[in-house]
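Chemist: Sequence first, then the predicted structure, then my questions.
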Amino acid sequence: MLITGKRIIDEKLLTDAVEKSIRSGSYYLRIHCIIPAGDDAKDYDPGNPLTSYTLKPGGLAYVVSEEAFSITDYKVTALVTLRSGFTKQGMLALDVGLVDANYSGPIGTIVINFSKNDIHLRKDMEFFRVVFFEHAEIEEAYRYPVIANDHQKYIGERLGQLINGFPETFLRTGETEEKVKEAVTKRVLEELKPTISGKLLNYIFSNHKKTVVFVTIAILLATSALSLLGMWIFGFVVSPDGIAEMLCEYGQEQLPDGIQISEEFCKKE
């Protein structure tokens, strides 16, 4: 069963919760701060967190909630998702999900801007959507150890992860779109270079059989015509027997150096 409305505040499932953020059967968590990734995170001060940030196309950052969870009842579990308004702008959240009764503190998520436009984030924007489920009590044997965080501790832990484990941009999307296309195209051509000629010929033959046959016949006819012309002009057929006869009649003394003809070779039957 869902816990809805003012019960969310009355049962103190969240600290710093405000009634205006209650929406139907859910609560909208607000932004406390934003932590940039990569080099931008190196000079970040957890004691003076960033409250406004523009996420560039391909950009990656960590968003922390203003409200902190304080679920003490093992009959309640929370489910957190990214607000649909940000999803429609082209933002993806990587690690939102369940919050159990063992956890106390703010939550956050890594977000990536997959759109072509800047996405502006600032403190107190409604960012996460959370619903609280009431269920049978979780038995003690299946409970996780209790974890407690305040904002400064939570931000410090996330900051270390962002400095050491994540770039400023997702994959190579921090580059301009044209540079990305150029790099990808170059890589594909390099990979296909050994087989591209064969695949091209196969494609031409498969899709243009009539043209290939026509061109082949034309080449053969042209070659045949030249052979006939040569026969008419020189009066002999260029064949192995014909060449042997020519050499014998020509005489050893007339042949270039290095070409020897034995008497047996030119002996008549």
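Modeler: Perfect, I can see it now.
Chemist: By average pLDDT, which secondary structure element in this structure comes out worst?
Modeler: Lowest on mean pLDDT, DSSP states H and E among the helices and strands of the chain sits helix 209-234, with a mean of 53.
Chemist: So residue 162 versus residue 146, what's the distance?
Modeler: To residue 146, residue 162 is 25 Å away according to C-beta to C-beta, to the nearest Å. From N, CA and C alone the C-beta is placed, and that goes for glycine too.
Chemist: the more surrounded of the two?
Modeler: residue 162 (22 against 11; other C-beta atoms under 10 Å).
Chemist: Buried residues of the helix or strand where that one lies, list them for me.
Modeler: According to DSSP states H and E, residue 162 maps onto helix 151-165. Going by neighbour count (16 or more other C-beta atoms under 10 Å), the buried part of helix 151-165 is 151, 154-155, 158-159, 162-163.
Chemist: mean confidence for it?
Modeler: Per-region confidence: helix 151-165 scores 84 on mean pLDDT.
Chemist: contact partners of it?
Modeler: Here helix 151-165 makes contact (C-beta atoms under 8 Å, 6 or more residues apart in numbering) with 32-33, 35-38, 41-42, 44, 46-47, 49, 62, 64, 68, 105-106, 108, 149.
Chemist: just for the stretch 1-150 of the chain, where's the confidence low?
Modeler: Counting by pLDDT under 70, the stretch 1-150 of the chain contains no low-confidence segment.
Chemist: give me that answer again for 90
Modeler: Along the stretch 1-150 of the chain, the model assigns pLDDT under 90 to residues 24, 37-48, 94-97, 144.
Chemist: now the strands for it?
Modeler: For the stretch 1-150 of the chain, the strands defined by DSSP state E, counting those that start in this stretch cover 2-3, 14-15, 22-23, 26-36, 52-55, 60-70, 76-82, 91-93, 98-99, 103-113, 119-122, 126-134, 147-148.
Chemist: what's the fourth one packed up against?
Modeler: Under the contact criterion of 3 or more C-beta pairs under 8 Å, 6 or more residues apart in numbering; DSSP states H and E, the helices and strands touching strand 26-36 comprise strand 52-55, strand 60-70, strand 103-113, strand 119-122, strand 126-134, helix 151-165.
Chemist: same thing but at 6 Å, please
Modeler: Counting contacts by 3 or more C-beta pairs under 6 Å, 6 or more residues apart in numbering; DSSP states H and E, strand 26-36 is packed against strand 60-70, strand 126-134, helix 151-165.
Chemist: want to try TSV for those, with distance to residue 27 as columns?
Modeler: Shown next, in TSV, are the helices and strands packed on strand 26-36 (distance: least, C-beta to C-beta, whole Å):
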stretch	distance to residue 27
strand 60-70	8
strand 126-134	5
helix 151-165	18
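Chemist: Report how many residues lie close to residue 57.
Modeler: Neighbourhood size, residue 57 [other C-beta under 10 Å]: 19.
Chemist: Pull the contacting residues for it.
Modeler: Contacts here follow C-beta atoms under 6 Å, 6 or more residues apart in numbering; on that basis residue 57 touches 113, 116.
Chemist: Residue 140: which of the strands of the stretch 1-150 of the chain is closest?
Modeler: For the strands of the stretch 1-150 of the chain, proximity to residue 140 was assessed by C-beta to C-beta; strand 76-82 is nearest, at 15.8 Å.
Chemist: for the closest one, which positions count as buried?
Modeler: 76-78, 80, 82.
Chemist: JSON lines please, covering these and showing distance to residue 57.
Modeler: Shown next, in JSON lines, are the buried residues of strand 76-82 (distance: C-beta to C-beta, whole Å):
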{"residue": "76", "distance to residue 57": "39"}
{"residue": "77", "distance to residue 57": "35"}
{"residue": "78", "distance to residue 57": "32"}
{"residue": "80", "distance to residue 57": "25"}
{"residue": "82", "distance to residue 57": "18"}
